[in-house]
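Colleague: With the input below, show me the fold.
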Amino acid sequence: MPRPDHASSRFVVLSGCSGGGKSTLLDELARRGHACLPEPGRRIVAEELAGSGAALPWVDAAAFARRAIAMAQADIAAAADQPGWVFFDRGLVDAAAALAHLCGVPLIESLGPVRHYHDEVFLVPPWPEIYVQDAERQHGLAAAEAEYARLLQAYPALGYHVTILPKVSVAERANFVLARLGAR
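Modeller: Numbers count the residues shown, from 1 in each chain. You can find the predicted model right below:
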């Protein structure tokens with residue numbers, strides 16, 4: 001499989017609908033030896049639940065989005081030394097799209113002019129049969145689907161090519177992603 005040299009061309013985002021299987025797919029890619037960064041949102045919720053809770057998405061969604069932007073930027077910087085493909089469970093564009101939706105802040109203001117990720121972004125579609133709410137994902141499927149619709153617009157608006165992942169087993173999804181990246 002080709003190994004791109006420039007960091008941003010090695011950084012692959014898995015995004016899309018909450019509860020669509022992104023984290024499970026990342027676990028499979030990590031099991032196969034690829035570097036993977038967990039979703040900023042889940043990490044922030046865990047930190048906030050252990051702390052003041054001021055930036056929980058159901059308490060202050062804008063503060064949550066700003067923290068997610070900062071964490072995604074730190075993840076990008078931290079991943080620069082990783083060899084080969086580096087997979088991100090969501091990322092900077094997701095957080096910036098949330099902030100744009102909540103506060104009207106233009107995407108480019110949160111992102112800057114630099115391309116941060118590989119030009120192909122993989123989105124998991126809504127998959128009601130596997131969607132589960134939990135202590136860290138308190139929003140319902142309708143909110144997840146609305147977020148998915150925003151991401152379907154945000155990534156192409158920034159020049160990324162969106163590939164929708166099929167609703168297949170996790171192993172088949174991992175094979176699909178790696179085959180697509182190998183073909184580009």
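Colleague: my guess is Ile108 is in a strand, correct?
Modeller: No - counting by DSSP: H, G, I helix; E, B strand; the rest coil, one finds Ile108 to be helix, located in no strand.
Colleague: Find the residue closest to it in space, skipping its chain neighbours.
Modeller: Leu158 (7.9 Å; CB to CB, 6 or more residues apart in numbering). In this view, the C-beta of every residue, glycine as well, is placed from N, C-alpha and C.
Colleague: That neighbour touches Leu92, doesn't it?
Modeller: No - under the criterion of CB atoms under 8 Å, Leu158 makes no contact with Leu92, lying 10.1 Å away.
Colleague: And those two? Which one has more around it.
Modeller: Leu92 (25 against 17; other CB atoms under 10 Å).
Colleague: Return the backbone torsion pair for the residue nearest to Ile108.
Modeller: Here is the backbone geometry of Leu158 (degrees, to the nearest 10): phi -100, psi 10.
Colleague: which of the residues in the biggest helix by length in the chain are buried?
Modeller: Scanning the chain for the helix with the most residues, using DSSP state H, yields helix 61-79. For helix 61-79, a neighbour-count test (16 or more other CB atoms under 10 Å) marks 61, 63-69, 71-73, 75-76, 79 as buried.
Colleague: picking that back up, which neighbours do Leu158 and Leu92 share?
Modeller: Common contacts of Leu158 and Leu92, defined by CB atoms under 8 Å, 6 or more residues apart in numbering, comprise Leu111.
Colleague: quick one: least confident helix or strand in this structure?
Modeller: helix 107-111 (a mean of 72; mean pLDDT, DSSP states H and E).
Colleague: Give me the next element, helix or strand, following that helix.
Modeller: strand 120-124 (DSSP states H and E).
Colleague: Quick one: residues in contact with stretch 50-61.
Modeller: Stretch 50-61 is contacted by residues 41, 44-45, 48-49, 63-64, 66-67, 98, 102, 138-139 when judged by CB under 8 Å, 6+ apart.
Colleague: rerun at 6 Å
Modeller: Stretch 50-61 has contacts (CB atoms under 6 Å, 6 or more residues apart in numbering) with Glu48, Ala63, Phe64, Arg67, Leu102, Gln138.
Colleague: Give me the mean pLDDT for it.
Modeller: For stretch 50-61, mean pLDDT is 80.
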